[in-house]
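In: Predicted coordinates and the sequence they were generated for:
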Amino acid sequence: HDQPFTRALERGGPPVAIRDPSELAPEIPIDGEVIGAILRARAGALLVAHPALGVAIPRARSPIICPEVSATVMLRWCEPALAIGAASVGAMFLILAPTIKQHLELLSRLAVAIHDRELSAAVQARRPGDQLIADVRRWELAVEGAAR
């Protein structure tokens, strides 16, 4: 099975705690200084908060396009909680994609995934990376099976 979301999440590395979105800059394989400044200044414009779920995800209109990398989804725990507008979130997803199309495909899967009760609980419980990947893999296989 082709599991683009699971593979992209694996490429993002294990979830770790960050204090500020700009801490992701060194992990992004393009100009880290520029990306760090953008994330510091515009995290609220790049991310949309889902306060009931306690997560922030990228906006569709604010992709980070890196043509030289494989599609990647990063999950990071926010300590302290990240303020996005009036909302406070404990987890942040960031998508790096080589094309806008891939960004939108991964964002679509992410938007559905975070509304899955089990996956949402796994994120809120801050499960370790390997357990979270296994949960995502099960979810993605179930979605692919239902689509057939």
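Out: Received, thanks. Predicted model only: the values in this text are computed from it and were never measured. Numbers count the residues shown, from 1 in each chain.
In: all contacts plus neighbour counts: C-alpha atoms, from now on.
Out: Will do.
In: Quick one: residues in contact with the lengthiest strand in the chain.
Out: Ranked by residue count under DSSP state E, the longest strand found in the chain is strand 72-84. Strand 72-84 is contacted by residues 5, 7-20, 43-44, 47-49, 56, 88-97, 106, 126 when judged by CA atoms under 8 Å, 6 or more residues apart in numbering.
In: what about the residue nearest to Gly54 when sequence neighbours are not counted, helix or strand, and which?
Out: Using CA to CA, 6 or more residues apart in numbering and skipping residues adjacent in sequence, the residue nearest Gly54 is Val89, 4.5 Å away. For Val89, the element it lies in under DSSP states H and E is strand 87-97.
In: what's the average pLDDT for the helix ranked longest in the chain?
Out: The helix spanning the most residues in the chain, taking DSSP state H as the definition, is helix 129-147. Confidence over helix 129-147, taken as the mean pLDDT, stands at 89.
In: cool, stretch 64-72 as well?
Out: On average, the pLDDT along stretch 64-72 is 88.
In: follow-up on the earlier one: check which helices and strands the strand holding Val89 sits against.
Out: Using 3 or more CA pairs under 8 Å, 6 or more residues apart in numbering; DSSP states H and E as the contact criterion, the neighbours of strand 87-97 among helices and strands are strand 47-50, strand 55-58, strand 64-65, strand 72-84, helix 100-113, helix 117-124.
In: can you tell me which of these comes nearest to Glu27?
Out: Comparing those by their distance to Glu27 (CA to CA), the top pick is strand 72-84, with 9.5 Å.
In: and that closest one, which residues are buried?
Out: Thr72, Val73, Met74, Leu75, Arg76, Trp77, Cys78, Ala81, Leu82, Ile84 (16 or more other CA atoms under 10 Å).
In: what's the most buried one of the helices and strands packed on strand 87-97?
Out: By mean neighbour count, with neighbours taken as mean count of other CA atoms under 10 Å, strand 55-58 ranks first of the helices and strands packed on strand 87-97 at a mean of 25.
In: related to what we said a few turns ago, now the longest strand of the chain - C-alpha only, CSV.
Out: The C-alpha coordinates for strand 72-84 follow below in CSV (Å, rounded to 0.1, in the frame of the first residue of the first chain):
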residue,chain,number,x,y,z
THR,A,72,7.7,15.5,5.2
VAL,A,73,5.2,16.1,8.1
MET,A,74,6.7,17.2,11.4
LEU,A,75,4.8,16.8,14.7
ARG,A,76,6.2,18.8,17.6
TRP,A,77,4.9,19.2,21.1
CYS,A,78,4.6,22.9,22.2
GLU,A,79,5.9,23.6,25.7
PRO,A,80,4.6,26.0,26.8
ALA,A,81,1.4,25.9,24.7
LEU,A,82,1.6,27.8,21.5
ALA,A,83,-0.8,30.8,21.1
ILE,A,84,-2.5,30.9,17.7
